[in-house]
Every structure is written in C-alpha cells, then in structure tokens.
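Chemist: no sequence on this one, just coordinates:
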DNA sequence: GCGACAG
DNA sequence: ATCTTGTCGC
C-alpha cells in the first residue's frame, strides 16, 4: 500500500461511479443475533412475550424540542442484503444532526405481522452507530396497530427503551373513516371496536398517513409529532431522510 | 378453505 | 420492499 492510503486512481467503469454526496456517519456490519426466531411460530411467541413490556402511559417527549430520529430499511433480496439507516434531526429546525447505516443479511422473510423480525437487527445496529442519543424514534410501519398489538415500533421501543411511534403509508388490515380533507384532520384506525391508531391527514387533500403508538408516547402526542415532522410532504421528514439514506447506502453497497 | 396483508 | 419511462406541475 503506497503512502497516502488506498489507491484512488483506479476507477469503476464510467457511469457506475456513485455521484452525489458521499455517505457520512458510521456504516456498521450486522450479524443475525443468536437465537433469532427461525419460524413464524417462534416469532409470534416472542411478540406475545415482549408485548407486556410496552409502556403506554407516558406522554412522551415534547413536540419540537430535543431530537427526533427516523429509521428505515432497504433490501436486495437477490443478494440477501439488508441496509438500515438512522437519521437524527434537530426537532426544532428539522436539520440533520447525525446519520448512521448498518448492513447485514436478511434475517427473516416478509410475513405480514412479523415485519419487525426482518428489520430490527439492522435498525438496532444503525441506532448503535449514532454518535448521539436518538430522542424520539419514528418508525416506518406500525406499533400498536398490529394483529397482536406489537408492531415494529413497539418492538423497537421495548428493545431500546426509547420512545417510539409508527407512521405507516397503508392501513394494513385496519378500517377507518376518511378523515376531513384539511391538514391535521384525523379519524380512528379500528380493529373492530378497538382504536389502535389514527388516520392522520398531513397534507390537505392528500391520502392520510397511519399513526400508531409505539413505546412511551401517547396517541395524541404521536399525531402531534407526525404533524410537526410532515410540514412540506405527506411523510415525516424523519422517514423521508432515513428512506433516502438506506436506499443510497444499499446501492453503494452493491458497487 | 380462500383471500388480504406494515415493509 | 422492489420491478420501472415518461410525464404533469411547481
């Protein structure tokens, strides 16, 4: 190895060179945890056991103060690769404060109701790689709104102890009445008679997002945070940032 | 039994 | 989630 570090004169074929901003922050390699569920039955048993540890009676952090972190995951199932990203924003300005990514092998197939077993190890690693405390964690998916009331946001909350909420793009199997057309309008997300979340309109006249409580945050606060984070677009800035980062990291991992 | 089903 | 071109609009 010549002085000055790796040889950068060798170039990938033109056009395959990553353009744009370089990845910043840490890039962790994830191992599938020992004892990670291998079957759907085992995974459901884990959910049934951990569900009792969810905390639902805390109001959660104040809106617009401290830090808020978005987490998301991208896949290349062909290559058995998963990349997670965690992006920390200043809650007042929504400026990016820190970023972290993690790469690993896909630990579980996609099964509705068992999404967390696919995403959690990589997300935990991405959170671990952050140089600062995450504050409130906003997940791409559900928390309480789940067949066994223990979705991704609940799972991540219990494992980390952090306050979490889930903001999903689809109603999953749940029912809801169309909320009012104005930004800020909401309607209950229902599992039969039980309210498990809210359909929340973040942009006037645009399809709502589906908010549910994860861990240590109440439903009203979860919606207030979501509205605060989704000023210019339908989705919260946290998930937009995390989504963009893990996709970019996935592409640059393949190359 | 059949279909639906966060990402 | 991912596969994918152009297209309409600010």
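Modeler: Received it, and whenever you're ready, just let me know what you need. In this text, all values refer to a predicted model and were calculated from it rather than measured experimentally.
Chemist: give me the pLDDT for the residue of the stretch 51-200 of chain A found nearest DNA strand C.
Modeler: Residue nearest to DNA strand C within the stretch 51-200 of chain A: residue A:74 (3.4 Å; CB to the nearest atom of the strand). C-betas here are computed from N, CA, C, even on glycine. Looking at residue A:74, its pLDDT is 97.
Chemist: for the helix or strand containing it, buried residues please.
Modeler: Per DSSP states H and E: residue A:74 is located in strand A:67-76. Neighbour-count burial for strand A:67-76, counted by 16 or more other CB atoms under 10 Å, picks out A:67-75.
Chemist: for stretch A:181-194, buried residues please.
Modeler: So for stretch A:181-194, counting by 16+ other CB under 10 Å, buried means A:185-191.
Chemist: who's in contact with the residue nearest to residue A:53 when sequence neighbours are not counted?
Modeler: Leaving aside its sequence neighbours, residue A:53 sits nearest to residue A:158 (CB to CB, 6 or more residues apart in numbering; 4.7 Å). Going by CB atoms under 8 Å, 6 or more residues apart in numbering, residue A:158 touches A:50, A:53-54, A:215.
Chemist: columns pLDDT and secondary structure on top of those, output as CSV?
Modeler: Below are these laid out as CSV (pLDDT from 0 to 100; DSSP: H, G, I helix; E, B strand; the rest coil):
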residue, pLDDT, secondary structure
A:50, 98, helix
A:53, 98, helix
A:54, 98, coil
A:215, 98, strand
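Chemist: kindly identify which of the residues you listed also come near DNA strand B.
Modeler: When the contacts of residue A:158 are checked against DNA strand B using CB under 7 Å from any atom of the strand, none falls in range.
Chemist: drop anything exposed from the residues you listed.
Modeler: For the contacts of residue A:158, buried by 16+ other CB under 10 Å: A:50, A:54, A:215.
Chemist: got the residues you listed as TSV, with distance to DNA strand C columns?
Modeler: Below are these laid out as TSV (distance: CB to the nearest atom of the strand, whole Å):
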residue	distance to DNA strand C
A:50	23
A:54	24
A:215	22
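Chemist: ok so, going back, from residue A:119, how far off is the residue of the stretch 51-200 of chain A closest to DNA strand C?
Modeler: Remark: distance between residue A:74 and residue A:119 (CB to CB, to the nearest Å) = 10 Å.
Chemist: next: residue A:25.
Modeler: To residue A:119, residue A:25 is 19 Å away according to CB to CB.
Chemist: with neighbour numbers in mind, choose between the two.
Modeler: residue A:119 (25 against 20; other CB atoms under 10 Å).
Chemist: and the helix or strand hosting the more buried one with DNA strand C, contact?
Modeler: Element membership of residue A:119 [criterion: DSSP H and E] is helix A:116-128. No: using CB under 7 Å from any atom of the strand, helix A:116-128 never reaches DNA strand C; the gap is at least 8.9 Å.
Chemist: next secondary structure after that helix?
Modeler: Downstream of helix A:116-128, the first helix or strand assigned by DSSP H and E is strand A:136-139.
Chemist: state the next helix or strand along the chain beyond that next one.
Modeler: helix A:152-160.
Chemist: for that next one, buried residues please.
Modeler: For helix A:152-160, using 16+ other CB under 10 Å, the buried residues are A:152-160.
Chemist: can you name the residues of the stretch 1-150 of chain A that neighbour DNA strand B?
Modeler: Residues of the stretch 1-150 of chain A lying near DNA strand B by CB under 7 Å from any atom of the strand: A:72-73, A:75, A:110, A:112-116, A:140-142, A:146.
Chemist: list buried residues within those residues.
Modeler: Applying 16+ other CB under 10 Å to those flags A:72-73, A:75, A:113-116, A:140-142, A:146 as buried.
Chemist: want to throw those into JSON lines with distance to residue A:42?
Modeler: Output for those, formatted as JSON lines (distance: CB to CB, whole Å):
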{"residue": "A:72", "distance to residue A:42": "25"}
{"residue": "A:73", "distance to residue A:42": "21"}
{"residue": "A:75", "distance to residue A:42": "21"}
{"residue": "A:113", "distance to residue A:42": "14"}
{"residue": "A:114", "distance to residue A:42": "10"}
{"residue": "A:115", "distance to residue A:42": "15"}
{"residue": "A:116", "distance to residue A:42": "13"}
{"residue": "A:140", "distance to residue A:42": "24"}
{"residue": "A:141", "distance to residue A:42": "20"}
{"residue": "A:142", "distance to residue A:42": "21"}
{"residue": "A:146", "distance to residue A:42": "17"}
